[in-house]
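S.K.: Build the 3D model from these lines:
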Amino acid sequence: DQFGNFLPLTIAGFGDYRPALYIYATIPFIAIFGLTEFATRLPSAIFAILSLPAIFHLAFTLTRNTKIALTCLLIASISPWSLFFSRMAHETNLMTLLILCGLLLILHSRKHPILLLFSSISFAASLYTYHSARVFVPLLVLLTLTLWRKRVKNNSGMWFAAAVLLIIFLLPLARQYLGGEGLARVRGVSLWNDPGVILKINEFRGQLSQEFSPQISRFISNKATIYPVIFLRNLAKELDPRFLILHGDPNGIYNTPNVGIMLWVEPLLIIAGLLFFRRTNRKIATWLFFGLIFGLIPDALTRYGPSSARIHVLIPFTAFLAGVGFVYLSKKHYLAGFFLIFIISFNSWWFWNQYIRAIPKIHANTWQIGTKEMIQKTALLAPQYGKVWISRSGWGWIHLVFHTKYDPQILQKEIKASPRNDLGFWWVSDIGIYHLDWLPKMLEPGTLYIARPTEFESGITPLDRVRGANGSDIYWFVDGNSGFPTNVFDLDAGYL
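M.R.: Next up is the predicted model:
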């Protein structure tokens, strides 16, 4: 990695120590196509595409109905949730594909028990892709074993071998957690590490103490009582129509403006699918219902939600149930089918309209539009200066080393990290002549500064600039010899 660690199972990244499997999966594509956006996004698109036949196969295996399986495949292929993540370099597509493969191998192990071993490998591999799998997979496997325990008893030897194989593959992961690296991301986003919760507990105790004794106040308001409430509140956020079908993910990088993560009719179709299985096969209905709940848990355990990325693993479940629900309702009345097709078609048009037209305008900053051009201009100007200061608004070291194709061997020697913040993350502060931080209070001679125009004091004339599609300035390049102050008022808090 950037610090010279050989074949790490977690990548230091920004101090979040993300699982490394997807990053390794990009290596062959980068070797073929070079270090480009296309090479880094292509694996994610391929994994998303491969998930489609896997969803078809899962639906057909559970229903033995080709029409239902094709409908599930179609819904998965046009889902805003699925399409959005398939067009960006993200680990979730590989995670979901591996979990799907693990499920399919379990389903076919009835006739071919040896497939259980490959299922274990697939499930184990998913745990090295994205943190959500480390919560979801154990719960899903336990649910599956519980519901189909008779099948386990009939082939206990192979199931035991599969369990042993799974444990072997998880030993490196256990070592990471014991060493603390695997917990870095957990510490950063988990709700039990939220300092605001303690303040709320104490505030609520103060209110209760006006009517009750201190002992009763502590009994009512404590971690054991507050955390479950927060957890349930987070679950409710994930089921909020504003998240599912109206506005989508609150995080701009995962958001298509005014588009939910699902099709408008998808929640209705999911409910119809569950009702269908409740009448025809209660065991599958139970498996699907709790599978949906388990998929929500990884996000509900965090303080930043709802997040479409952390519940991405549910796409096969929602697409399957929606496909079943569509066929079920269409059989009830043929006009229902025409109505659903019309709504879904209009919904698809609306998604692409917003994705292509609205994102570049509304989420220009979140999607870091103009940053590539800024780095390219910086590389041309940098040889004229002894130091180049790039503001944190320039999105940090990733863009710098990626777009300049910085030599990895030199990078490993020059890179320096700042101390960890309260969330456990850190920032790369220096790479060679490049310094990455909020602007200082005064510009220093001999230094090139790059930042948003609002970070500089009025009256400064930039050497160069990067403009957006609407003509407004995104970044300014300023020579430090001007000696002007900046708009920074607190280097720790940010800038005006």
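S.K.: hmm, which helix or strand of this structure has the shakiest average pLDDT?
M.R.: strand 494-495 (a mean of 36; mean pLDDT, DSSP states H and E).
S.K.: Closest to the centroid, which residue in the protein?
M.R.: Ala309 (3.3 Å; C-alpha atoms, centre = their mean).
S.K.: so it sits right up against Thr92, yeah?
M.R.: Yes - using C-beta atoms under 8 Å, Ala309 is in contact with Thr92, at 5.6 Å. Quick note: C-beta positions are derived from backbone N, CA and C, even for glycine.
S.K.: what are the C-alpha coordinates of stretch 439-456, in PDB please?
M.R.: Taking Å, rounded to 0.1, in the frame of the first residue of the first chain, the C-alpha atoms of stretch 439-456 are listed here in PDB:
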ATOM      1  CA  LEU A 439      -4.800  27.400   4.000                       C
ATOM      2  CA  PRO A 440      -2.600  29.200   6.500                       C
ATOM      3  CA  LYS A 441      -3.500  32.700   7.700                       C
ATOM      4  CA  MET A 442      -0.900  34.300   5.600                       C
ATOM      5  CA  LEU A 443       0.500  33.300   2.200                       C
ATOM      6  CA  GLU A 444       4.200  32.400   2.200                       C
ATOM      7  CA  PRO A 445       6.500  33.500  -0.600                       C
ATOM      8  CA  GLY A 446       7.800  30.800  -3.000                       C
ATOM      9  CA  THR A 447       4.600  28.700  -2.500                       C
ATOM     10  CA  LEU A 448       1.800  28.000  -4.900                       C
ATOM     11  CA  TYR A 449      -1.600  27.800  -3.300                       C
ATOM     12  CA  ILE A 450      -4.600  26.000  -4.700                       C
ATOM     13  CA  ALA A 451      -8.000  26.300  -3.100                       C
ATOM     14  CA  ARG A 452     -11.600  27.400  -3.600                       C
ATOM     15  CA  PRO A 453     -12.000  31.100  -4.500                       C
ATOM     16  CA  THR A 454     -13.800  31.700  -1.200                       C
ATOM     17  CA  GLU A 455     -10.800  30.600   0.800                       C
ATOM     18  CA  PHE A 456      -8.700  33.600  -0.400                       C
END
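S.K.: pLDDT score for Phe84?
M.R.: We have a pLDDT of 95 for Phe84.
S.K.: now the one 10 residues further on
M.R.: We have a pLDDT of 96 for Leu94.
S.K.: how close does it sit to Tyr130?
M.R.: 8 Å (C-beta to C-beta, to the nearest Å).
S.K.: Name the residues contacting each of these two.
M.R.: Tyr22 (C-beta atoms under 8 Å, 6 or more residues apart in numbering).
S.K.: how about the helices of the stretch 301-450 of the chain, start to end?
M.R.: Using DSSP state H, counting those that start in this stretch, the helices of the stretch 301-450 of the chain run over residues 315-332, 334-353, 359-362, 371-381, 397-403, 408-414.
S.K.: Apologies, that question was intended for the stretch 151-300 of the chain.
M.R.: Under the criterion DSSP H, counting those that start in this stretch, the stretch 151-300 of the chain carries helices at the ranges 156-179, 184-189, 195-208, 214-220, 223-238, 241, 266-280, 282-300.
S.K.: Using a markdown table, please lay out the ones you listed together with mean neighbour count and distance to Ile460.
M.R.: Listed next are the helices of the stretch 151-300 of the chain as a markdown table, based on neighbours: other C-beta atoms under 10 Å; distance: least, C-beta to C-beta, whole Å:
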| stretch | mean neighbour count | distance to Ile460 |
| --- | --- | --- |
| helix 156-179 | 14 | 47 |
| helix 184-189 | 20 | 36 |
| helix 195-208 | 13 | 38 |
| helix 214-220 | 13 | 56 |
| helix 223-238 | 14 | 43 |
| helix 241 | 12 | 47 |
| helix 266-280 | 19 | 51 |
| helix 282-300 | 18 | 43 |
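S.K.: ranking those by mean pLDDT, which is last?
M.R.: Among the helices of the stretch 151-300 of the chain, helix 184-189 scores lowest, at a mean of 65.
S.K.: thought Phe212 was touching Ser221?
M.R.: No - using C-beta under 8 Å, Phe212 is not in contact with Ser221, being 10.0 Å away.
S.K.: In terms of packing, which of the two has more residues around it?
M.R.: Ser221 (21 against 15; other C-beta atoms under 10 Å).
S.K.: list the contacts for the more buried one?
M.R.: Applying C-beta under 8 Å, 6+ apart to Ser221 gives the contacts 201, 204-205, 208.
S.K.: between those residues, which is nearest Ala161?
M.R.: Ile201 (47.2 Å; C-beta to C-beta).
S.K.: separation between the closest one and Gln2?
M.R.: Relative to Gln2, Ile201 is positioned 39 Å away (C-beta to C-beta).
S.K.: same question, Ile167
M.R.: According to C-beta to C-beta, Ile167 and Gln2 sit 31 Å apart.
S.K.: Kindly report the same for His112.
M.R.: 43 Å.
S.K.: Between those two, tell me which one has more neighbours.
M.R.: Gln2 (18 against 11).
S.K.: Surely the more buried one touches Gln409?
M.R.: No - between Gln2 and Gln409 there is no contact under C-beta under 8 Å: 11.0 Å.
S.K.: for this structure, what's the longest helix?
M.R.: helix 37-63 (DSSP state H).
S.K.: now the helix or strand just after it against helix 37-63, angle please.
M.R.: Next along the chain after helix 37-63, taking DSSP states H and E as the criterion, comes helix 66-78. Per axes from the mean of the first three to the mean of the last three C-alpha atoms, to 10 degrees, the angle that helix 66-78 makes with helix 37-63 is 160 degrees.
S.K.: angle of helix 66-78 against helix 315-332?
M.R.: 130 degrees.
S.K.: buried stuff in helix 66-78?
M.R.: 68-69, 71-78 (16 or more other C-beta atoms under 10 Å).
S.K.: Export those as CSV, with columns for distance to Thr26 and pLDDT.
M.R.: Rendered in CSV, the data for these read as follows (distance: C-beta to C-beta, whole Å; pLDDT from 0 to 100):
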residue, distance to Thr26, pLDDT
Ile68, 35, 96
Ala69, 31, 97
Thr71, 33, 97
Cys72, 29, 97
Leu73, 26, 97
Leu74, 29, 97
Ile75, 28, 97
Ala76, 23, 96
Ser77, 23, 96
Ile78, 26, 96
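S.K.: Spatially, which residue comes closest to Ala20, not counting chain neighbours?
M.R.: Distances taken as C-beta to C-beta, 6 or more residues apart in numbering place Ile11 nearest to Ala20, at 4.9 Å, with adjacent residues excluded.
S.K.: Next: Ile450.
M.R.: Ile390 (4.8 Å).
S.K.: Make sure that neighbour is actually in contact with His435.
M.R.: Yes - assessed by C-beta under 8 Å, Ile390 is found in contact with His435 at 7.3 Å.
S.K.: between these two, which one's more packed in?
M.R.: The neighbour comparison of Ile390 against His435 (other C-beta under 10 Å) goes to Ile390, with 25 against 17.
S.K.: Tell me what the more buried one is bridged to.
M.R.: For Ile390, the beta-bridge partners under DSSP bridges are Leu436, Ile450.
S.K.: ok, back up a step: for the residue nearest to the centre of the chain, list the residues it contacts.
M.R.: With C-beta under 8 Å, 6+ apart, Ala309 has these contacts: 85, 90, 92, 130, 132, 249, 254.
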